[in-house]
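Engineer: requesting a structural model of the entry that follows:
(one chain, ligands or ions: 1)
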Amino acid sequence: MSAHFLEKGIDTSHTGILYVEDLSVNFDGFQAINKLSLTIDVGELRCVIGPNGAGKTTLMDVITGKTRSAIADIDGSVYLGSTIDLMTMNEPQIAQIGVGRKFQKPTVFEQHPVWENLELAMAGDKSWHHSLIAKVDIEGRQLMEAVLALTQLESEAYRQAGLLSHGQKQRLEIGMLLMQQPKLLLLDEPVAGMTDEETMRLAELLNSLRGQCSMMVVEHDMEFVAALAGPKGKVTVLAEGSVLAEGTLDEVKRDERVIESYLGR
Ligand SMILES: Nc1ncnc2c1ncn2[C@@H]1O[C@H](COP(=O)(O)OP(=O)(O)OP(=O)(O)O)[C@@H](O)[C@H]1O
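Structural biologist: Okay, the predicted model is just below:
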């Protein structure tokens, strides 16, 4: 790898894909994030765990531009690569630059078939009308086929999205994010409400994206976390707005502070 590895135009040579340093977020006197520092490498799948109220969602809200100085006192740095200062950007700009976010509940276009959901997602910022009549070019079609295969939705391509199971909808929404070819994907409790089988299928999907896109997954389901992290993947434990521990899942599970604040509850 060259000294200046560029992730599709993003300089990640010194910082990885996501660089958070000394981030503090205060909501009207309440310190939700407290001097939090975190780096995610290019192509990494990072799991973030921690007790309720640890600041996991707030961290995602700051990265994606949802939480800004109008609603909280924010201090510190958040960069995509080493040069893109996300703190100076708003939500649409951050999405546009390649940071995709998956919320807990799937939000798909229920009345439209699966393939059209993917097409609409690819159209990105174009208007609905325009995207509906736009012809998908060959590259777009190949991408759609690849995403249908990755999300195991090939056989559902012509089905109305509203008729899919919860797990299939979750995969479709991830597929919609993939159509935008994100550099960083943030997933907030993606397996909440899923069956065990659906959970493992999602783990398989995210594992297959490893190396193609960088991901940060916030999750409480420890079996899912184990399936994502494997024996070597790094897991970050947040507590009271700071990084309490970081290491392999085995390492953090053995950490006394983690047992006390989270696992041992
Ligand atoms: N807009 C807001 N105004 C005031 N307080 C907030 C706001 N958003 C979050 N908080 C508080 O910040 C703290 C951290 O919340 P956050 O949702 O980030 O935690 P979490 O780690 O995601 O928790 P969970 O695992 O329950 O989702 C909580 O105490 C929450 O009440």
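Engineer: Leu178 is in contact with Leu206, isn't it?
Structural biologist: No: using C-beta atoms under 8 Å, Leu178 is not in contact with Leu206, being 10.9 Å away. For the C-beta atoms, the positions are set from N, CA and C on the backbone; glycine is no exception.
Engineer: and these two? Which one has more around it.
Structural biologist: More crowded of Leu178 and Leu206, by other C-beta atoms under 10 Å: Leu178, with 24 against 21.
Engineer: which residues of this structure score low on pLDDT?
Structural biologist: 1-8, 123-136, 265 (pLDDT under 70).
Engineer: which residues touch stretch 151-164?
Structural biologist: Stretch 151-164 is contacted from outside by 108-115, 117, 148, 168-169, 171-172, 174-175, 178, 201, 205, using C-beta atoms under 8 Å, 6 or more residues apart in numbering.
Engineer: try 10 Å
Structural biologist: With contact meaning C-beta atoms under 10 Å, 6 or more residues apart in numbering, stretch 151-164 is reached by 106, 108-118, 144-145, 147-148, 165, 167-176, 178, 201-202, 204-205, 208.
Engineer: what touches both of Leu178 and Leu206?
Structural biologist: Leu150, Leu185, Cys213.
Engineer: do I have it right that the last one meets Val147?
Structural biologist: No: counting by C-beta atoms under 10 Å, Cys213 sits too far from Val147 to count as a contact (11.7 Å).
Engineer: hey, what's in contact with both of the two?
Structural biologist: Shared contacts of Cys213 and Val147, defined by C-beta under 10 Å, 6+ apart, are found at Leu177, Leu178, Gln181.
Engineer: helices of this structure, residue ranges please.
Structural biologist: For the chain, the helices defined by DSSP state H cover 56-63, 91-96, 114-123, 128-133, 138-150, 166-178, 196-209, 222-229, 249-254, 256-258.
Engineer: distance of the residue nearest to Gly241 when sequence neighbours are not counted from Leu59?
Structural biologist: Spatially, and ignoring its direct neighbours in sequence, Gly241 is nearest to Asn34 (3.8 Å; C-beta to C-beta, 6 or more residues apart in numbering). To Leu59, Asn34 is 11 Å away according to C-beta to C-beta, to the nearest Å.
Engineer: looking at these two, which is more packed in?
Structural biologist: Taking other C-beta under 10 Å, Asn34 and Leu59 do not tie; Leu59 has more neighbours (28 against 16).
Engineer: and the more buried one, how close does it get to the ligand?
Structural biologist: Distance of Leu59 to the ligand, given as C-beta to the nearest ligand atom, to the nearest Å: 7 Å.
Engineer: thought that residue was touching Leu23?
Structural biologist: Yes: with contacts counted by C-beta under 10 Å, Leu59 reaches Leu23, the gap being 7.4 Å.
Engineer: common neighbours of these two, please.
Structural biologist: Common contact partners of Leu59 and Leu23 (C-beta under 10 Å, 6+ apart): Ile33, Leu36, Leu38, Val78, Gly241.
Engineer: ok, the spatially closest residue to Leu172 that is not a sequence neighbour to the ligand distance?
Structural biologist: Among residues not flanking Leu172 along the chain, Val108 sits closest, at 5.3 Å (C-beta to C-beta, 6+ apart). Here the criterion is C-beta to the nearest ligand atom. By it, Val108 lies 22 Å from the ligand.
Engineer: am I right that Ala192 is in contact with Leu202?
Structural biologist: No: between Ala192 and Leu202 there is no contact under C-beta under 10 Å: 11.0 Å.
Engineer: identify the contacts common to these two.
Structural biologist: Gln170.
Engineer: neighbour count: these two, which is higher?
Structural biologist: Leu202 (24 against 14).
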